[in-house]
Each structure stands twice: as C-alpha cells, then as structure tokens.
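# structure of the sequence below:
(chains A and B)
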Protein chains: 2
Amino acid sequence: MADYRDMWKSLEMDVEKHDELCEILPKFYGDIYLSQENRPEGMNYFNFVVSEVHGLRIKELLEHKEKNEKVIGTFCVFVPDEVINATGAVSVGLCGGSEFWEPAGEKVLPRNTCPLVKASVGAKISGTCPYFQSCDLIVGETTCDGKKKAWEILNEYIPVHVMDLPQMKREKDNLHWQDEIKLFIERLENLTGNKVTVENLAKSIKLINKKRKVLKRLYDARKANKLPISGKDALLISQIAFYDNPERFIEKTGELCDELDNRIEKGISVFKEDTPRILVTGTPMAIPNWKLHHIIESSGGAVVCEETCTGSRYFENLVKEDGKTLEEQMKALADRYLNINCACFTPNPGRIEDIIKYYKEYKADGVVYFTLPFCQTYATEFKKVKDALDKEGIPVIMIETGYSLQDAGQLKTRLEAFFEMLETNKQAAVSK
Amino acid sequence: MADYRDMWKSLEMDVEKHDELCEILPKFYGDIYLSQENRPEGMNYFNFVVSEVHGLRIKELLEHKEKNEKVIGTFCVFVPDEVINATGAVSVGLCGGSEFWEPAGEKVLPRNTCPLVKASVGAKISGTCPYFQSCDLIVGETTCDGKKKAWEILNEYIPVHVMDLPQMKREKDNLHWQDEIKLFIERLENLTGNKVTVENLAKSIKLINKKRKVLKRLYDARKANKLPISGKDALLISQIAFYDNPERFIEKTGELCDELDNRIEKGISVFKEDTPRILVTGTPMAIPNWKLHHIIESSGGAVVCEETCTGSRYFENLVKEDGKTLEEQMKALADRYLNINCACFTPNPGRIEDIIKYYKEYKADGVVYFTLPFCQTYATEFKKVKDALDKEGIPVIMIETGYSLQDAGQLKTRLEAFFEMLETNKQAAVSK
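A predicted model of the protein is given here:
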C-alpha cells in the first residue's frame, strides 16, 4: 500500500490512532476472506478495493473535491443517491462496522445504543475515518430512535441534514417523503451550486438503477443449486457498493457475474454438496462486519441471500425511468424508496412477504434472523416474522450479536445445532 | 374493599393471578405513602382512589359501557383526551408501572425493551388489568420504537388505533398532526356512533383545560419555599389524573389545593428546612411506579417538580378555546400538543429550555435525570441536556433504573452523595 499518511494528516485525522486500525484490518481480512478456497477470479478487484479502502478511494474523493465536487456521507438505504449524483456530488456510505470505533461513540452516546450507531458516531469523533473527514455534508434520517437522536450529537462535529422518513406507508406518507426529497434537493443545490434538472436526474436514476441491476444479477447467481460464490463474498460486494465509484463498480461486478454464470454452467461450487442454504434477515452489516457470515460459513452453512439493508433492500425494485418532470421523478423516487420494508415502519407486513419469497427463490433451508443489540425495531419485529415462518414451516433461529468476537464460540455452537437440524429435515423430506 | 371478583370474572380476567397483585399493592402503598407524616387531609381522597383502583373506578367504567358509552385506553400525553370526551367516550391511561406485568410482556417482546412497554403489553396479555379488559379501543402512537412496534403485537389481543406523531415540529408536521387528529375523530365517530361537533368539542376542550389548570395550581404550590406537599403525593395525583373521572378529579384536587394554599400561608412544610429541592426530568412514571420519588424523599431530598409526561408535560399549555370551526379547533389541539417537548422529537431544544425554566421557577437545587432502561430517546438526549445544564451551573445526576427494587440501595447511596453535594453548594452560596 502506498503511503497515505500525508493525505490523512491533511484530513485532520488522528493518524496514530488510525495506524492501530490499519494494523488490524489486513490480518482480519486475510483470515476471513483470503483463506477461502476456490474463490472467483473476479473477487481480486474487491480484494484490491479493501486493501485500498482508506487509501486510493479517499484519494479519488479528494480529487473530486479539488474539482469542487462535494462529498456526501449517508447511513441508510433510504437516502436517494440519485439526487446526490444529479448535483454532481459523490455519495459515500459511512456506517461503522467495527468495534474499534465503539469506545469513542460511547463517550457521547449511551452504552445501550446499537453498535452501528456507536461506531458511526465514534468514527467521526475519534478522527479515524477518512470518509467522514472527506465529507462536506452528512445525511441522517429518522429511521430509528438511536440514529434520530444521535444525529443531534453528530451535528456538533459535522453538518448533518436529516430526512424525516415517515413511519407508515399511506398515500399522505408518500407525499411527505416526496417533500423530504424536495427539501433534500434544495439543500444539495445550495451546497453544490448545481441545479437538479429533469435531464441530470434522469441520467442519475438510470445509473443507480444499473447498479441495482448488477447487484440483482449477483444475487440471482446465488439462486443456483451449486453456489458459485460464498455469502461472505457477496456481502462484501454489497458493502463496497455503498462507497465505490458506481460506474467502475457496475463494470467490475458485471465481469464477476459473467464468471459466476460460467461457474453455474459448469457446476462449480464453493461449498460441498448439501450444505444447508441460509437466508439471513435483519439489521445491516456495515463493513468490516463480516462476523455472522464468517461464523455461518465456517460452521457448515452457506448464506444464499441477505434480506437486509446491505442486501436485498439496497437493490430490489427500480426507480421508474419515464418521469417527464421533476415532480414525476420525485414521485418515482418516493415510490421506489417507500417500497423498502424496513422494520421502522408500522405495520410492516411487506417484510414478511419478502422473507418468504426470498426463502423460496433462493431455495433456502432455514432463516437466520440477525439483530444488532439494542435494535428495538428489528428485535420486536422478530415475533411477527417467527409466527409467519412457523405457519409456513420455515425453520428460523434468532441471533442477537454485536461486533465483538467474544461470543463467536457460543454462536458457532448454536448455529451448528441449527444446521444439523436443517440437514435432518432435508433428509427426512427426501426419504418421504 | 368490596368483593369485585364477579366483576373481574365478567371481564375475563385471570382472577387468581390478579389476586397476587391485590395482595402486594396495599402493603406497598402503605409503606411508601401512608407512612408519610403530616400529609394534607386532602390526600385522603387519593388514598381512597388507590384503594379502589381496580374496584370502584372499574365499576364506573362498566356503568358507562352499560349506557353504550365506550372506554378508550391511551398510553401517551399526545393522545387528545378532548376528542375522546367529545364523542361521549371515557378515556383511561393504561401505562403499566409494575414489574408484576413484565414477565408476561417478555413472552412477546424482547427483554431489552423498556419496562413501561413490557408491563403495558404484559398487563393485557396476562389478563390482570381490569382497565385493559374494559377498553373498547386502545390508542397507540409512534413516539418511540419500542411502543411503535409493540402496538403491532398488542393489536393481536385488542384493537389498536395508532396515531402517527411527527418526529419534527415544522409547519408541515403540524398539518400532519392535525390530519392525524382528524383520522382519530373519524375512528371514534365510527366506534361510538356519535359525531364530534364544534359544540361538544368546545365543551371538552374547556373541561380538559380545567383539569390542566388544577394540576398547574397543584404544581404552583410546590414553588413555595416551605413545601406543603411531598413530591410523592404530587406524583400520585398526576398519575391518578390519567384515569379518574375528570370532573371529580378537578373538584377534589381543587379542594386539596385550597388546603395547600392555607399551609403555605401558615408556613407548614412536610420537609425539614434546607432539604435539597429536586427537579426530576425524564421518562414517565406510570402508577404504581413511585420508586425514584420514594428513594429521593427518603434519602434527604424533596421533589419539587417533574418535567415528565406524568408531570409538567401533561398539563402545561392550554388548548385555545376560541375555535369557531372544527378545523380551527383541530389546529388549536395540534398547536397545544406539539408544544410538548418529548425526546422523540429531533431536534428538541424546547425541553432544555423547559428544564432550565422549571429549575428556576421551582427554586430547585439540583436535577435528577431519570430514564427507564432501554429508553433510547431520553437516554441519548441526556448529553445535550447535561451540556446545557453544565453551562448554567446546574448540578445534574443521571439515574437509569427500572421497576425492580434490587438497585434501591445503590441508588440511595448515589443520591445521598448528590444531595450532600447540593447542600455544600448551598452553604457555599450563602456564605459568599
């Protein structure tokens, strides 16, 4: 890796503290990712992206800034990237996925806060995330109590624009969200000095839809009986989608998908036959949170799909591209985004339908319901989901776990027992 | 107490389980309340209300139901009682304040849920709360993630109407809340068969304002240098305000206030001189949650005001009474209710202003910031409040505690140290 210390210093980072992170990450990534056998060649690009996660991509962002293009940090799949892109700004996902940042977050937030929120705020406060340091504006949303109240504190360190996501999905809530998108456009226009036009918004809608389509193609490859890619690798690609250059990401993921199609044709799998296929559903996994996938895939399971914000919720459903006015385009955006079935909505029956649909489409054998600690919306919604899955005869296990690896052994034991049960189910079904 | 077992059976209650509660409560109340010295005579009414909390008041509710008047259960100071009253229905506050109900709540909710939500849901599920059993409709709101998602589950047991409280306080959010009030009126009109008219709504607005005024009068009495009533007693009255017959409550509280005025004139106090005066701010204390007040007042402090939903947020600010049309009245309701500074709003600077204002008005010496466990909005807002109070030189201590008395000793130790510090401050100020 090139020496980026001068760049980091120019971003007013705590370079010494950041060094600690730089020391941990490569080993961590190596153990979890590079140790996999028979990975697709196309993963080399993503290995490279990770190796340069705080280097080359930051350099690119600073090049944008030199051209007076703004960098906008986001935390949530509800923030419309299309609008950011249309103003000539660059969007980067900022969620913190490492326990490295939690202690800094706990200086200003209650300990009983979800690790994602603590790590995100901590990453800024500790000055150890070059993405945060590169941002001209942060966009928060009112998706959960933890985040909603954390933005007020984060705003003391960096300007935060908050989009007020409705909590229901009635017609009037759709109008409310359209108006929030309009307010967001106004804020970005003021910041960037660029106007959002029907033309540049249409172009951006097409670009982001293209990103969604290539992710959908990647996920479709995971429906194959012989899995051409691990769940871990697919998760990584989803995570990288949040901050990579979109055009390059589309190209590189497309190339990988060609390779996966080829593997499917040849019946090449990265798992041994009859590995239980797992649908993971729940809270997002921000980079470098690979914990659950790693434990699942080293305990005899294979993750075939994520019904999460770092999974299907990020790419499912396209924005209609035929809007002829800004109003029509904003409506198209609101329609697509309010189709995301986040547990922040009440009620949220669409999520249950999605889980059952994906379970069938991805030929899953069981569901792992994942929540980060103190995520009240997803934890509470578990009951409704479990009741529905029980009715369908779909096995499900609830895993609540944070970023620390302390509980890894215990999780492994629980998951191994769950997978054994799934295998027994499968054999019983075959012998019938 | 009369024998109400047949009544409870008719409400499909678990009477045996309920007996356990009936056995605990009188002793609990006796220890905390009746042991107080020099209480105002007027508290006898409230003693009686508590002794008949699951008896006479329920009998009254059932008499209303016999006249085809509906009983509406609410959980939150944002639900407009005026509207309920205008349809000829009776409003009762339902929040669960006892750990007795928590285990039942935990059967369907995550353990990491605030005790208020767990106990409220548990009270219904266990069939041990005659208020729940008497309700024709429950009204929930979207004030926090815990409650928002719990209504979906509660709705499996009893019909729940959810009012979508906005998360900000802009003009458009005010319009949104007006519309939510309109939807609530429609739901109640359908349920009761009675129309809300300008006349009956005006009458109800006046009645509920009167209740607010008498509570304000009670609280004003606590601004006296010599406190004529304990904080514990004042809290109890606020709690009873949520479910008592409003006319009777106004009358009886008015009589008590006459007595308090008389005491103030004569300089009669229920505390020894120089007892540190405490402003409590934070989450609601539902009946019979008297824990914090009891600990404060048996550790050398006196609670002079509650900036909580079972305190000032319930009665401060009146609804304008001059609305000439339903639209004007709904706007007046929205204006008053959106003036409540709950931590669910983002941002919420008004609450900080309120705390500082009450601190001065009630001549407090220190602030106890109280949150129930897992209440993310209030817990997170602590930082902003503390920063502001520090700036003002106002001492504050954070107490996070649930319903169990297990931590009472530890809290007592912390509070005693805090009160000692306040006394030292006071003496230092005097000797200057």
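# quickly find the element holding residue A:185.
Element membership of residue A:185, judged by DSSP states H and E, is helix A:171-192.
# ok, then the element right after that helix?
Sequence-wise, the next helix or strand downstream of helix A:171-192 (DSSP H and E) is helix A:198-221.
# and the next helix or strand past that next one?
Following helix A:198-221 toward the C-terminus (DSSP H and E): helix A:231-241.
# quick one: the residue nearest to residue A:121 when sequence neighbours are not counted and residue A:52, what's the gap?
The shortest distance from residue A:121 to any non-neighbouring residue, by CB to CB, 6 or more residues apart in numbering or on different chains, is to residue A:105 (4.5 Å). Glycine gets a C-beta too; all of them are placed from N, C-alpha and C. Counting by CB to CB, to the nearest Å, the gap from residue A:105 to residue A:52 is 26 Å.
# residues contacting residue A:167?
A:173, A:344-346, B:142, B:148, B:164, B:167 (CB atoms under 8 Å, 6 or more residues apart in numbering or on different chains).
# phi and psi next, for the residue nearest the centre of chain A.
Residue closest to the mean C-alpha point of chain A, counted by CA atoms, centre = their mean, is residue A:310 at 2.3 Å. Phi and psi for residue A:310, reported as degrees, to the nearest 10, are phi -100, psi 40.
# so it touches residue A:237, yeah?
No. Using CB atoms under 8 Å, residue A:310 is not in contact with residue A:237; the gap is 10.0 Å.
# rewinding a little: list the residues that contact the residue nearest to residue A:121.
Contact analysis of residue A:105 by CB under 8 Å, 6+ apart lists A:96, A:113, A:117-123, A:125.
# give the contact list for the nearest residue to residue A:374 once chain neighbours are set aside.
Sequence neighbours aside, residue A:114 is the residue nearest to residue A:374 in space, at 4.6 Å (criterion: CB to CB, 6+ apart). Counting by CB under 8 Å, 6+ apart, residue A:114 makes contact with A:144, A:146, A:283, A:372-375.
# drop anything exposed from the residues you listed.
A:144, A:146, A:283, A:372-375 (16 or more other CB atoms under 10 Å in any protein chain shown).
# got a markdown table for those, with distance to residue A:301 and secondary structure too?
Conversion of the buried ones among the contacts of residue A:114 to a markdown table gives the following (distance: CB to CB, whole Å; DSSP: H, G, I helix; E, B strand; the rest coil):
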| residue | distance to residue A:301 | secondary structure |
| --- | --- | --- |
| A:144 | 28 | coil |
| A:146 | 29 | helix |
| A:283 | 19 | coil |
| A:372 | 20 | coil |
| A:373 | 22 | coil |
| A:374 | 26 | coil |
| A:375 | 22 | coil |
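# out of those residues, which is nearest to residue A:18?
residue A:372 (24.2 Å; CB to CB).
# so how far is residue B:346 from that closest one?
21 Å.
# follow-up on the earlier one: determine which two of the buried ones among the contacts of residue A:114 are furthest apart.
Maximum distance among the buried ones among the contacts of residue A:114 (CB to CB): 13.2 Å, for A:144 and A:373.
# spell out which residues of the stretch 101-250 of chain A are next to chain B.
Contact residues (CB under 8 Å from any CB of the partner chain) of the stretch 101-250 of chain A with chain B: A:108-110, A:112-113, A:142, A:144-146, A:148-153, A:162, A:164, A:166-168, A:172-173, A:176, A:179.
# phi, psi for residue A:367 please.
Residue torsions, per degrees, to the nearest 10, at residue A:367 are phi -120, psi 130.
# same check on the one 10 residues further on?
Residue A:377 has phi and psi values of phi -70, psi -50 when expressed as degrees, to the nearest 10.
# so what's it up against?
Residue A:377 neighbours (CB under 8 Å, 6+ apart): A:144, A:342-344, B:145, B:148-149.
# where does the stretch 51-200 of chain A have low pLDDT?
Regions of the stretch 51-200 of chain A meeting the criterion pLDDT under 70 are absent.
# in it, which residue sits nearest chain B?
Residue of the stretch 51-200 of chain A nearest chain B, by CB to the nearest CB: residue A:149 (3.7 Å).
# assign the nearest residue to that residue once chain neighbours are set aside to helix, strand or coil.
Of all residues not flanking residue A:149 in the chain, residue B:380 sits nearest, at 3.7 Å (CB to CB, 6+ apart). Classification of residue B:380 by DSSP: H, G, I helix; E, B strand; the rest coil places it in helix.
# OK, contacts around residue B:380?
Taking CB under 8 Å, 6+ apart, we find residue B:380 in contact with A:109-110, A:113, A:145-146, A:149-150, A:152-153, B:343.
# how much space separates it from residue B:386?
Using CB to CB, residue B:380 is found at 12 Å from residue B:386.
# circling back to that earlier point, which SSE is the residue nearest to residue A:121 in?
helix A:102-106.
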